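Novice: Sequence first, then the predicted structure:
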Amino acid sequence: GINAEYGGEGKGEELALTDITNGNGCLTRYKIDGVLQHFGRVGRFQIVLITLMSIIATIAAWRILFDLFAVKNNFDWKCTELGRELNCTFVEGKMPCDVEQNKALEKNGEIGNGLFWEFSNESIRTSIKSEFPLSCKNHAKFTFASSIFFIGAFFGVWAFGRLSDMIGRRKTLLISLSFCVVQAWLIPFFKNIYVYLACRCIDGAAFGGYFLIGFVLEVEYAPPKYRNILGTALHFITSIGMALIAVWGYVFPIWSTYAIALAVPPTLMLPILYFFTPESPRYCLSRGQEKRAMALLEKVAEQNKHEMPPNCQLYEEIDQSASLVDVMKNPRLVICGLINMGGWFMTSLVYYMLWFSAKNLAGSIYVNAAVLGAAELPGRVAAFLFMEKVGRKATFMLSLSFASICVLISIYDNTTSRKVMYGFGKALAGALWAVIYLYSSEMYPTKIRNLGSGIGSASARIAALIAPFIGDALVTSPIIPYVVVGVAGFLCTATFFYVPETGGKDLPQTLAEFDKLFDKKPPSDVKA
């Protein structure tokens, strides 16, 4: 055996740690990053995994924006004869409950339900607003549908993140996607607003599991040199999915068929993931399952047509007892965790504020949705390029600073300039998502990586929960929301001066290795 330090990205990736001797001769202990780096480029194994996780990311994008066309406004309605007698008023471009005279018809608790207004049976486009029993009381629940998804996601990212650190990435991924499949098939067949809200809450909780775990699993199998590009690629696919939701809405104009169509992809993916998704070798080592971790890496070597390092024995310094109590004892990790949560919060707030307030922009809802989704793509590409050149930390700070500027300029009430700022803002928000997911997966030690990323993601869901209300507030107060979000973005940017850079470094396995991220001097190379 030999001692060597392998420079994955040219910055001191430790390949072989030390030599040990047993009855079979000399063995060399390798870290997982060292073994993956030994294999060289991304191979067939990673390509299959990336493909599977990209489909999962696309499904996640469709589930997030499901309400965009399921709860869309349907303007083909008219006042009934009774409604006209009681001062029901039709206003083009507005829903019945958006007209003040019509709200007054239910002031005494009456339920409309076709008494005062009705939707035209001639319309070829429907939504739950037109097919569910309509009343102004239910109208408020429809508005809440976009928020309740993120309430579920708030609890889901924490619960499934913790579960994945306990029973493994693979099992948790399958469990969370199963929840998604079950609720997806309930929605189109139970035309009840309470069932719909409950299903959307479960949908959000499931999303908090399969999307975050899929990303972490992909990162943990990526060679250090390619971790950036693989992480960015997954978010690039998510943006494409966001844009394609407009196609689903246009092709399936009847909301129930739209719901059924979007239930098919996760249903088909569940058995595929069962047979083709591997467990994480890092998780196996954290549970003392060295033989299983070695078998997984040997499978990577076989599919990528590479050989395992000679006389290889896996070795990671794992905090077997790492817990939230241990985390709280590390002031640096606590501070970085809070700053990271703030980064997740602002990323989500800017992103979803632009999504949910875009309904106020002029033009076709299908075109607007497609353009705003596609606007993220250049941001994802720019994030990859900048992370390669200046690192994760600087890329995030620059993106959030410019996104805050775009939000503040949107105060100017001009249709053209506001649309342009929304486009630039969405591109920058796309860059922020690419960075914050990758940065979180690289900052936390293995034992709490999913939990740490899950807590950060949960803070993002709180922001997403607030975002629809900010979009509504912009109708009556078009200045204050922009100012609050813009200023908060600059304050969050300032806090990131404290956190360490993670690019080009080993994924920390222990709390001690986390502290080493603050070391500015890379370890010196040792040649055999």
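Specialist: Alright, I've got the coordinates.
Novice: Please identify the residue most distant from the middle of this protein.
Specialist: Glu85 (50.0 Å; C-alpha atoms, centre = their mean).
Novice: measure that residue to Phe116 for me?
Specialist: Relative to Phe116, Glu85 is positioned 10 Å away (C-beta to C-beta, to the nearest Å). In short, each C-beta sits where N, CA and C put it, glycine included.
Novice: Tell me, what's the model's pLDDT at the residue farthest from the centre of the chain?
Specialist: Glu85 is assigned 80 on the pLDDT scale.
Novice: same deal with Leu338?
Specialist: Leu338 carries a pLDDT score of 90 in this model.
Novice: repeat for Pro133
Specialist: Looking at Pro133, its pLDDT is 61.
Novice: Please apply the same query to Glu14.
Specialist: Glu14 is given a pLDDT of 44.
Novice: Over to Gln101?
Specialist: 74.
Novice: in stretch 403-416, what's buried?
Specialist: Neighbour-count burial for stretch 403-416, with 16 or more other C-beta atoms under 10 Å as criterion, is recorded at 403-410.
Novice: now stretch 42-49
Specialist: Quick answer for stretch 42-49 (16+ other C-beta under 10 Å): 42-43, 45-46, 49.
Novice: Nearest to Leu105 among these?
Specialist: Taking C-beta to C-beta as the measure, Leu105 lies nearest Leu49 of the buried residues of stretch 42-49, at 56.5 Å.
Novice: got the contact list for the closest one?
Specialist: Contact analysis of Leu49 by C-beta atoms under 8 Å, 6 or more residues apart in numbering lists 217-218, 221, 277-278.
Novice: Among the buried residues of stretch 42-49, which ones are in strands?
Specialist: With DSSP state E as the criterion, strands contain none of these.
Novice: Mark which of the residues you listed are part of helices, please.
Specialist: If you go by DSSP state H, the buried residues of stretch 42-49 have 45-46, 49 in helices.
Novice: the strands in the stretch 51-200 of the chain, which residues?
Specialist: Counting by DSSP state E, counting those that start in this stretch, the stretch 51-200 of the chain has strands at residues 77-79, 117-119.
Novice: about what we covered before: ok, the buried residues of stretch 403-416 vs Asp506, which is closest?
Specialist: Nearest member of these to Asp506, counting by C-beta to C-beta, is Ala403, at 30.6 Å.
Novice: isn't Ser440 right up against Met341?
Specialist: No - between Ser440 and Met341 there is no contact under C-beta atoms under 8 Å: 9.6 Å.
Novice: of these two, who's got more company?
Specialist: Between Ser440 and Met341, Ser440 has the larger neighbour count (other C-beta atoms under 10 Å), namely 28 against 19.
Novice: Neighbours of the residue lying closest to the more buried one once chain neighbours are set aside, how many?
Specialist: The spatially closest residue to Ser440, leaving aside those adjacent along the chain, is Ser453, at 4.4 Å (C-beta to C-beta, 6 or more residues apart in numbering). When neighbours are defined as other C-beta under 10 Å, Ser453 has 28 of them.
Novice: try Leu314
Specialist: Using other C-beta under 10 Å, Leu314 has 18 neighbouring residues.
Novice: is it true that it touches Met294?
Specialist: Yes - using C-beta under 8 Å, Leu314 makes contact with Met294 at a distance of 5.7 Å.
Novice: intersection of neighbour lists for these two?
Specialist: Counting by C-beta under 8 Å, 6+ apart, the common neighbours of Leu314 and Met294 are Pro281.
Novice: got the strands of the stretch 51-200 of the chain as JSON lines, with distance to Phe154 columns?
Specialist: Output for the strands of the stretch 51-200 of the chain, formatted as JSON lines (distance: least, C-beta to C-beta, whole Å):
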{"stretch": "strand 77-79", "distance to Phe154": "35"}
{"stretch": "strand 117-119", "distance to Phe154": "34"}
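Novice: Comparing those, which yields the minimum mean pLDDT?
Specialist: strand 117-119 (a mean of 76).
Novice: strands paired with that strand, and their directions?
Specialist: strand 77-79 (antiparallel) (DSSP bridges).
Novice: what comes up buried for the strand it pairs with?
Specialist: Buried residues in strand 77-79, counted by 16+ other C-beta under 10 Å: 77, 79.
Novice: show me where pLDDT drops low in the stretch 151-300 of the chain?
Specialist: Across the stretch 151-300 of the chain, nothing is flagged by pLDDT under 70.
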